[in-house]
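Peer 1: Need coordinates for the below:
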Amino acid sequence: MADLGSLLWEAATIMVTGMVVVFVFLSTLIFLVQLLAKVSPKDPEPDFHPRPSSTVPPDHSGVQPEVIAAISAAVQQYRQRKA
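Peer 2: Sure thing, here's the model as predicted:
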């Protein structure tokens, strides 16, 4: 059986090596993400232009007659094709 001290020393070496590898990888990842954030173009600022208010008030009473006529014509045409 191997000496307990040498096994603990090997385990500590493996642990420290793994921690260093993870630290280096994460540090590199953080650096690359920050570099990408500086290099990539920024989102354009939305241009805010308020719309002028219309002189005709909107009709909120229901569906407009033109829409009803268009839907009726489409349903009639669909039924004629299926019949």
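
Peer 1: Three-state assignment for the residue nearest the centre of the chain, please.
Peer 2: Using CA atoms, centre = their mean, the residue of the chain that lies closest to the mean C-alpha position is D43, 13.8 Å off. Of the three states, D43 takes coil according to DSSP: H, G, I helix; E, B strand; the rest coil.

Peer 1: what's the answer for L32, then?
Peer 2: Three-state assignment for L32 (three-state DSSP): helix.

Peer 1: I'd like to know how many residues surround T13.
Peer 2: 10 (other CB atoms under 10 Å). Bear in mind the C-beta positions are built from the backbone N, C-alpha and C, glycine included.

Peer 1: So the residue nearest to the centre of the chain versus L35, what's the distance?
Peer 2: Separation of D43 from L35 (CB to CB, to the nearest Å): 18 Å.

Peer 1: T17 too?
Peer 2: Distance, T17 to L35, by CB to CB: 27 Å.

Peer 1: Brilliant, that's me finished.
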